Every structure is written in structure tokens, then in C-alpha cells.
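Undergrad: Below: sequence and its predicted model.
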Amino acid sequence: MSQKSTWFQRTLLPGFAFKAVVIGGGYATGRELATFFLPSGPQGGLLGMLLAMVVWSLICIVTFLFALDTGSRDYRTFFRNLLGPFWPIFEIAYVLAMILILAVFAAAAGAIFKALFGWPEVFGALALVGLIASVASFGNEAVERLFKYVSVFLYATYALFLVLSLTHFGGRIAAVLSTPAPTSGWVVGGLTYAGYNVMGAVVILPVVRHLGRRKDAIIAGALAGPLAMAPAILFFVAMAAYYPQIKDQVLPADFLLQRLDLPAFRFVFQGMIFAALLESGAGQVNAINERAARAYETRTGKPFLRRARFGLTMTILIGSVFIADRLGLVTLIANGYRFLAYLFLAVFVLPLVTLGLYRVIRSWNAPLAAAPLPSGN
């Protein structure tokens, strides 16, 4: 590409993309926050979220730097450079994780449609599948535009949600947050939550092509954690109003929306959650498409056509919808995500902070491995 990258593409887009990948169904509905942070109480939960945010930023910084140093723009190239002949281990882990995560998205979309319209959950899942396939089939540029516009909608909606929560039950929130409560488990909760989401740093490697310098990688990586966690913190503060009973709600967001008793905003918020599922699912699938496209083009010398992207996307999504229909949202999050945290710790985090960090430090003054987009002014 010959055009210069913009300040937004170098600085904020990676964080928006990372947020898009990690937010998903459990984050946006509040189910993940209830599972991993509320057991430590409101104060402990906030500490766990801040810990996860810091871990995300550190991992994103090292990931982006390693990607720049090795010319890695998709996860297959990245792990060939990081793990050598053992790179297929991550491939297997990522495909399993993506199917599980997309199943969570499908289950969440189904739950939203059922809560709003009373329709069978499969309708919401199929609507999400169709939209993800439509966006992902147009490649990187379409997915990046989705990240940008959904992010504006998402941050504005969460901010308004907190304002409305403070005006309607701010007294309850203040009372809960000021009441001493056990905070045990916040470190484990924060690290577990960060652990299964850190793969988002690799999933968004296609946007690393906009980073022109190591300084860009450090700034973008440092901002990724706060940009991804800010909506969760706003949401978690609102959830504190109905602690501890909200821990057992399948859709904590809808539980709070019903108590706000603002039907119009309820539709807006659930629409935002659906949009978050769409951008997150599109980001996950785009990573697979980019990996397949590079492998196909290298092997055949021919372009990976849009219909091939669409077909691959539909195959992955239909399988995920089947899993979601069988297991449900709560089961998927409670049983599947902890396993993913340990899996990615072994095949990604540990190699990255040892072998990867060593390579980054050793090659700090060397030229970058591949010529990225030139930086703009």
C-alpha cells in the first residue's frame, strides 16, 4: 500500500480492534464480568479489572513490537517466528478457541433476541451469522471501518448507561462500593480473565500493518488495555447497585435495563451489544481469513476471492451456532473460558515474554523486518 497511515490508524485503531475482539458476548452482556470479578466483591472486582487491563497493555506492546521486528501480519507468520516448528500448536488452540468464542457470541445474540422480541434464540444467532459473514467477506478495510464506527456507538452507550444508572440508583451504587467486603480472589480472577483474552493481540495483527515505528507499537499497545477495559469498568460500577443477586443473572445487562425501566434505551443498549458481537465476531473470522488468504496466495499465486472468504466464514459460524444451541451462554463461559486461559498462557504468553521479548530487546536497534506503511505527519 502506498498511502500514508493516519494518526488514528497508528494510535487508536489497534486498541479499538483489540477491544472489538475481547468484548464479545460475555463482556457486553455482563456475564463474563459477573463470572470473573463479582465473586471478589465490587472492590475486589475493580482491582481485578485494573490488573487485567495492565496485563493486556503489556502483552499488546510486546506482541506489536515482535510483529514489527519479524514482519508478521497474520498469526501463522507470527507463530512460525515465535515457536518455530511448533507453531501448529497455536493454530489448533486458536481454532478451538474461536469456535468456542463464536458459540458464546451466537448464544448471546440468541438471548438478546429472546429478551427483546420473545423469538426463538436461533433467530438471533442466524442474524449475527449473516452479518458477520457479510462484513468479513470484504476483508481488512471493511472490518476496520466496522471497528471505528461501532466503537463510537459502544463508548457513548456505556457512558450514557452509567449516567442513567447513577441517576436512578446511584445511592445503591455508593452504598455497595463504600461497604467493606472480602476481596479474595481478585488476582486470580484478573489474571484468568486477561489470560484467555490476550490472544486478541494476535488476532488483530492485520492492523499492525499501519504501525511504522517501534514507538507506534509501544503507544498503541499501551492504549489497547485502557480502551478495551474502560467500557467494562463503567458497566461494572452500574452492576454494583444490585450486588450480590446480579451474579446469578444470565444477562446482567438486561437485568439492569429492566430496573431502569426505559424501554427506548433498552433497545439502544441491546442494539449496541449486538453491534459489539458483530465487530468481535468479524475480527475473529478476519484473522482466519487473512491467514488462509496468505497461505493460499503463497501456494498458488492467485488471490483469495471474496466468495472463498464468505464460504470459509459460513463454515466456521454455522458450526459455532450449533455448539451455542447445545450448551448455552452460562455453560460456555463458566466451563470453556478458564481452559482457554491456561491454554494460551502455555502456547502464547510464556513464549512471548521469554523468547519473544528476548528477540525484541536483541534487535532493538536493527531495521524492521518488513517495510510497513510510512507514518503520516
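TA: Looks like it came in fine. Numbers count the residues shown, from 1 in each chain.
Undergrad: Does I233 touch L47 like I think?
TA: No: applying CB atoms under 8 Å, one finds I233 not in contact with L47, separated by 11.3 Å. In short, each C-beta sits where N, CA and C put it, glycine included.
Undergrad: show me the contacts for P231.
TA: Counting by CB atoms under 8 Å, 6 or more residues apart in numbering, P231 makes contact with 19, 23, 154-155, 158.
Undergrad: and which of those is nearest V62?
TA: K19 (18.5 Å; CB to CB).
Undergrad: Tell me how many other residues surround that closest one.
TA: 31 (other CB atoms under 10 Å).
Undergrad: and V349, how far is that from V122?
TA: When distance is defined by CB to CB, to the nearest Å, V349 is 36 Å away from V122.
Undergrad: higher neighbour count, those two?
TA: Remark: of V349 and V122, V349 carries more neighbours, 21 against 16, as counted by other CB under 10 Å.
Undergrad: Touching, that one and W56? I think so.
TA: No: V349 is beyond contact range of W56, at 11.3 Å (criterion: CB under 8 Å).
Undergrad: what residues do the two have in common as contacts?
TA: Shared contacts of V349 and W56 (CB under 8 Å, 6+ apart): V198.
Undergrad: pLDDT weak spots in the chain?
TA: Within the chain, the stretches with pLDDT under 70 are 1-3, 25, 321, 323-337, 369-377.
Undergrad: What is the neighbour count of the closest residue to P39 other than its chain neighbours?
TA: The shortest distance from P39 to any residue other than its chain neighbours is 5.8 Å, reached at G185 (CB to CB, 6 or more residues apart in numbering). By the criterion of other CB under 10 Å, G185 has 17 neighbours.
Undergrad: just V207 next, same as before
TA: Neighbours of V207 using other CB under 10 Å come to 26.
Undergrad: Kindly report the same for the one 3 residues further on.
TA: Residue neighbour count, defined by other CB under 10 Å, stands at 23 for H210.
Undergrad: Kindly report the same for L191.
TA: 16.
Undergrad: Double-check that it belongs to a strand.
TA: No: using DSSP: H, G, I helix; E, B strand; the rest coil, the assignment for L191 is helix, not a strand.
Undergrad: That one contacts W56, correct?
TA: No: using CB under 8 Å as the test, L191 is too far from W56 to be in contact (11.2 Å).
Undergrad: Of the contacts of P231 - the most surrounded one?
TA: Counting by other CB under 10 Å, top hit in the contacts of P231: K19 with 31 neighbours.
Undergrad: Helix, strand or coil: sort out that residue for me.
TA: Applying three-state DSSP: K19 is helix.
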